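S.K.: my questions are about this predicted structure, shown below with the sequence.
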Amino acid sequence: MKKHNYSAGPCILPQEVFEKSAQAILNFNDSGLSLLEISHRSKDFVAVMDEARALALELLGLEGKGYSALFLAGGASLEFLMVPYNLMKEGGKAAYLDTGTWAAGAIKEAKLFGETVTVASSKEQNYNHIPKGYTVPADADYFHCTSNNTIFGTQMKEFPSVDIPVVCDMSSDIFSRELDFSKFDLIYAGAQKNMGPAGTTLIVVKDEILGKNGRIIPSMLDYAKHIKAESMYNTPPVFPVYASLLTLQWLKNLGGIAAIEKINNAKAALLYGEIDRNPLFKGAAAVEDRSNMNATFLLNDEAHAATFDAMWKAAGISGLPGHRSVGGYRASMYNALPLESVQVLVDVMQALEKAI
Ligand SMILES: Cc1ncc(COP(=O)(O)O)c(C=O)c1O
């Protein structure tokens with residue numbers, strides 16, 4: 001039986017993506033060859049890469065607006081250093097908002113390249129909220145933020161309006177909600193939450209911000225070189241790109257980001273409603289900053305943990321334990337998780353209340 005998969009990433013993908021990508025491994029496009037045994041320069045794979053890049057821009061509403069999309073390897077963590085390498089001037093500075101473990105990881109790498117100003121941080125409160133009311137220095141080369149904090153379950157609802165390039169790590173909420181994506185100059189996201197399997201990272205960058213920082217950038221770390229090579233500077237991660245394309249096609253057929261956002265809102269309302277109603281549970285993150293992707297919550301009395309754990313496992317739920325730095329539970333409700341799976345969890349929470 002298929003589990004109700006709440007894994008934080010790699011995570012649930014649409015069933016049709018699993019089926020179609022399995023088929024492509026056996027016989028890609030009826031060619032008598034596996035997707036895994038053909039050249040990345042073959043006509044069939046170039047078409048995959050081209051469509052994936054175009055569809056990513058289309059879904060974000062950025063087609064024809066001076067942006068390029070890349071599917072690179074190395075994970076979102078590689079972008080932590082590619083961003084400053086490509087955007088921070090020699091002797092320049094960058095501004096970062098510290099909202100969690102991943103934001104802190106990006107700050108650590110940026111410091112290798114130059115002055116890195118942390119405009120605000122919620123670290124002292126174990127990242128349970130998104131700082132507000134901070135000032136971004138107007139002379140920074142760019143501002144970096146993390147739209148959704150996968151571990152702590154917080155999500156930015158507002159983004160500062162600044163006159164410098166805005167860079168955003170959207171690894172755990174890309175394609176989940178409508179935003180004016182043209183307000184961002186560089187977006188990156190590891191595929192393994194809302195887009196596909198682990199192994200590729202989507203980078204969407206406004207072409208005009210590149211090539212201006214005066215650094216000599218190694219080829220593999222140079223966004224401009226990857227754009228010039230149409231995301232084929234070297235052998236791309238062919239399977240993750242193909243499965244990402246299938247997921248993007250699934251999203252488009254569903255009605256795009258607007259349609260999935262409604263479903264995501266319904267899932268989040270159902271679960272947070274129960275967390276707030278049920279006297280056995282409490283949310284871990286500040287209410288106004290709660291993430292619609294990763295809901296973090298705790299039992300008020302840890303003594304019920306063994307019973308609750310046994311109950312959700314018996315209900316076919318998987319991947320619910322929270323990250324060790326928060327404890328408790330984390331329900332990751334990415335795009336492919338159906339509303340029915342959230343109902344199963346809510347039913348278990350209500351059954352626990354009745355049982356004790
Ligand atoms: C928001 C965010 N940024 C960055 C990362 C790191 O991604 P990767 O493991 O692809 O380097 C993660 C991983 O979960 C994440 O959630």
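M.R.: Now that the structure is in, tell me what you want to look at.

S.K.: get me the contact residues on the protein for the ligand.
M.R.: 9, 75-77, 102, 146, 150, 169, 171-172, 190 (C-beta under 6 Å from any ligand atom). Where you see a C-beta, it was placed from the backbone N, CA and C, and this is true even at glycine.

S.K.: among those, name the ones in strands.
M.R.: When DSSP state E is applied, the residues of the chain next to the ligand are split such that 146, 169, 190 fall in strands.

S.K.: ok, whatever residue of the stretch 201-350 of the chain ends up closest to the ligand - how many residues close by?
M.R.: Closest residue of the stretch 201-350 of the chain to the ligand, C-beta to the nearest ligand atom: Thr201 (6.3 Å). A count of nearby residues for Thr201, using other C-beta atoms under 10 Å, gives 26.

S.K.: what's it sitting at in phi/psi?
M.R.: For Thr201, the backbone dihedrals (degrees, to the nearest 10) come out as phi -130, psi 130.

S.K.: quick one: contacts for it?
M.R.: Shown in contact with Thr201 (C-beta atoms under 8 Å, 6 or more residues apart in numbering): 71-76, 78-79, 188-191.

S.K.: pull the most distant pair out of those.
M.R.: Using C-beta to C-beta, the contacts of Thr201 reach their maximum pairwise distance at Ala73 and Ala189, which is 13.8 Å.

S.K.: mind checking which of these two has more residues around it?
M.R.: Between Ala73 and Ala189, counted using other C-beta under 10 Å, the more crowded position is Ala189 (26 against 15).

S.K.: leaving out sequence neighbours, find the closest residue to that one.
M.R.: Of all residues not flanking Ala189 in the chain, Ile174 sits nearest, at 4.0 Å (C-beta to C-beta, 6 or more residues apart in numbering).

S.K.: you'd agree the one you found is in a strand?
M.R.: No: secondary structure assignment (DSSP: H, G, I helix; E, B strand; the rest coil) places Ile174 in coil, not in a strand.

S.K.: so who does it touch?
M.R.: Going by C-beta under 8 Å, 6+ apart, the list of residues near Ile174 reads 187, 189, 193-195, 202.

S.K.: before we move on, what about Ala94?
M.R.: Here Ala94 is in contact with 84, 87-88, 110, 113-117, 140-144 (criterion: C-beta under 8 Å, 6+ apart).

S.K.: ok, what's across the strand from it?
M.R.: Beta-bridge pairing of Ala94 under DSSP bridges involves Thr116.

S.K.: is it true that Ala224 lies in a helix?
M.R.: Yes: if the criterion is three-state DSSP, then Ala224 is within a helix.

S.K.: what pLDDT does it get?
M.R.: On pLDDT, Ala224 comes in at 98.

S.K.: please apply the same query to the one 5 residues further on.
M.R.: Ala229 is assigned 98 on the pLDDT scale.

S.K.: how much space separates it from Ile187?
M.R.: Distance, Ala229 to Ile187, by C-beta to C-beta, to the nearest Å: 20 Å.

S.K.: kindly report the same for Asn194.
M.R.: As for Asn194, its distance to Ile187 is 13 Å (criterion: C-beta to C-beta).

S.K.: who's more crowded, the two?
M.R.: Asn194 (29 against 26).

S.K.: and after the longest helix anywhere in the chain, which helix or strand comes next?
M.R.: The longest helix of the chain (DSSP state H) is helix 256-277. Counting by DSSP states H and E, the next helix or strand C-terminal to helix 256-277 is strand 281-283.

S.K.: and that next one, what does it pack against?
M.R.: Strand 281-283 makes packing contacts with helix 256-277, strand 294-299 when contacts are defined by 3 or more C-beta pairs under 8 Å, 6 or more residues apart in numbering; DSSP states H and E.

S.K.: try 10 Å this time
M.R.: With contacts defined as 3 or more C-beta pairs under 10 Å, 6 or more residues apart in numbering; DSSP states H and E, strand 281-283 has these neighbours: helix 256-277, strand 294-299, helix 339-355.
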